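Trainee: 3D model of this:
(2 chains)
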Amino acid sequence: MKKMMIALSSLMLVAMVFLIIVYEGREPLLSPEAKIIKTQQTEVTSDPERQPLKVIETPSETDYSLQNDQLHITHDNGDTWHKVPIEIEHLFAGEYQGNRQELIGGSYEMTEEYTAFLYSEGEDWQYQTIKITYTDDKGKTWKESIVKDEALAMRFRKIDITNDGFWTVIFTFDRTMSQEASAIYLSNDQGENWQSISTPDSTRLVADGGFIDQNTGFISYGTLNPDAPTSLYVTNDQGETWEQSVFNMPNKYEEVFVIAKSPIEKEDHLELIMEQGPNGDYYRNGLIKAKFISKDNGQTWEFVEEVEPENEEMG
Amino acid sequence: MKKWVKIIGILIFLIAVAIFCLQLGSFIAQPLYQAEYIDNRLFYLFNIIIVLSLGISMLLLLSLNKRRITIIVTIGIIMTAINVYLMYESNQGIKNITSVSPSGEEVFAIKSNTYTGEATYYRSYFRILGRPHKELSQVIEKGGPINWLTDDIAVFTYLDKNQHIQQFVGTYGDRQDGRSYYYVGSQIRGNWQGENTRVIANSDGITIMQQGNDHFFDWDHVQQYGTLAIVLSENDQAKWTIALGADFSFDDHTPEPPTGEIILYKAKLKNTEAIALEYIGEAQSMQ
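Mentor: Okay, the predicted model is just below:
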């Protein structure tokens, strides 16, 4: 006992001296802001050769470029460019496995009036600030707003501006295997202020989501082995209540078309495209999709036809 | 040896071992979680406690001759002196500005590098660890008081190198469900009355009326901290902090006015009294 105590005490004192030496020589920790400044300083000293900006086309009149580690937008097919004040790292922050050659689908919205980008800032995944940066004058000036402070890193993300000027952000976080949490934020003042609304009571992985107008929205679940095609939830009261949509699917397509994309509005009805999912093997290597329409604001959906990928208008 | 002496000796020895494990843990936390002691001096303080605890427990538990006692006491004094000196020295290079909330649950911490002038605000974890969160926009020339306006809002007033008074606010809570970001300025729209003081917030900005003096700040001179406080500035100097009181509540989906208090705190280097204000009605146009 006596010897053990003396040995342990001596060991602790020796270790303490060692710890003091290490503690005295340690590098100071940097805040996220300081790290960015340090990175920028390093980049300035090793300025890489600038490349001409390459246009990446979008379905809208606005296109963009990610060349030279900077996001730019153009409205005239690349003749003039406007720099978007967002760090490229922030645009791809969160759970993302792509090659960064194009923006993450859903992380931007380009309408005639607005161009908006959804991204997150923060040093580690547990402490992210989810933001949008947007312009209403074709990129001449930019505004920034916070959607959610102190958030976890995003996986699925989507920003939408509906025809009636209503902005929505849907994102998911905290994924564990095939479960995750989701959040929906709405803005009634063109992206300036955001408030959250409730989401459906499901923790499956979100495949898509969106709002048709300020009351009617959808969330579609299941990107890994979807077990049924009926994983689309609809709200008609701005998220107060969510109900599962009912699909009237011909028998032969059951377990073929399983992942619903977010619906779009057509004259007097809604339309959506349903895909076969990553394991789809219906003919053409799973590329054929199905079109459904709804005449009751998304509660029930009727099958219309198969859609060849090249004929698809949405998705 | 008396039984209680033995028990106390063992307890003190275990305290030394536990704190030593904590020290080791703090070294692991730095690379893994980008966290370190919220106040750099804690490292040396814990070392001193370890040394003293080991020394006392040995003297209590072991039957030692005079020579051995002298050795233990000498080692204890040397190690304590080294740590006291390093603790003092460390606070010369990195000045720690730390304050614990009245409830004891939050720690406001800023580490200011006296050589570069950079000051970093730390978020506390488990009360003793902290992560660098935000750089202060101004160099701290002279630190002033840290005042906890509520258990979750700490205001630090300081003088920058241009001899301008600045205020930095640490916030540790929320007055809504914690899920949304909201603007304090729009939460406090209206007319607020306190002792000899009135605050009017409307779409143009904020007016502070005190003892016959009106002072108007437009929204470009209002900086928000977290979702609990704003600092009003003029000519690059902080003038006032307005914070949402602990009982403040407002639902902007309803026509109901806000309930609870807002707190007005003047930017001064000596500690001043915060003023609580209550909502008395909608704001009229100021100009």
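
Trainee: Give me the neighbour count for residue 3.
Mentor: Answering for chain A, as no chain was given. Other residues lying near A:K3 total 7 when counted by other C-beta atoms under 10 Å in any protein chain shown. Yep, even glycine has a C-beta here, placed from its N, CA and C like the rest.

Trainee: Hmm, no, I was thinking of chain B.
Mentor: 7.

Trainee: Surely B:L45 is within a strand?
Mentor: No - B:L45: not assigned to a strand; according to DSSP: H, G, I helix; E, B strand; the rest coil it is helix.

Trainee: ok, and the closest non-adjacent residue to it?
Mentor: B:M87 (6.8 Å; C-beta to C-beta, 6 or more residues apart in numbering or on different chains).

Trainee: Which neighbouring elements make contact with the longest helix anywhere in chain A?
Mentor: Criterion DSSP state H: the longest helix present in chain A is helix A:2-24. Secondary-structure packing of helix A:2-24 (3 or more C-beta pairs under 8 Å, 6 or more residues apart in numbering or on different chains; DSSP states H and E): helix B:3-33, helix B:41-61, helix B:66-93.

Trainee: for that helix, the distance to its chain's centre please.
Mentor: In terms of C-alpha atoms, centre = their mean, to the nearest Å, the centre of helix A:2-24 is set 51 Å apart from its chain centre.

Trainee: Enumerate the positions of that helix that are buried.
Mentor: By neighbour count with 16 or more other C-beta atoms under 10 Å in any protein chain shown, helix A:2-24 contains the buried residues A:5, A:9, A:12-13, A:16, A:19-20, A:23.

Trainee: can you check stretch A:135-153 too?
Mentor: A:135-136, A:138-139, A:142, A:145-153.

Trainee: so of those, which ones are in strands?
Mentor: Mapping those onto strands (DSSP state E) picks out A:135, A:145-151.

Trainee: Where does pLDDT dip in the stretch 1-150 of chain A?
Mentor: Scanning the stretch 1-150 of chain A with the threshold set as pLDDT under 70 gives A:39-50.

Trainee: wait, what's in contact with the residue sitting nearest the centre point of chain B?
Mentor: In chain B, the centroid-proximal residue (C-alpha atoms, centre = their mean) is B:F108; its distance is 1.5 Å. Contacts for B:F108 (C-beta atoms under 8 Å, 6 or more residues apart in numbering or on different chains) come out as B:98-101, B:124, B:146, B:148, B:154, B:156, B:170.

Trainee: So which one of the residues you listed is the model least confident about?
Mentor: pLDDT across the contacts of B:F108 is at its lowest for B:S124, which sits at 88.

Trainee: How about it, nearest residue that isn't a chain neighbour?
Mentor: Closest to B:S124 by C-beta to C-beta, 6+ apart is B:V107, at 3.9 Å.

Trainee: what does stretch A:26-33 rub up against?
Mentor: So stretch A:26-33 is in contact with A:38, A:121-123, B:30, B:34-36, B:94, B:113, B:120-121, B:131-135, going by C-beta under 8 Å, 6+ apart.

Trainee: again, 10 Å this time
Mentor: Contact partners of stretch A:26-33, identified using C-beta atoms under 10 Å, 6 or more residues apart in numbering or on different chains, comprise A:34-38, A:121-124, A:127, A:129, B:27, B:30-31, B:34-36, B:40, B:93-94, B:111, B:113, B:116, B:118, B:120-123, B:130-137.

Trainee: Brilliant, that's me finished.
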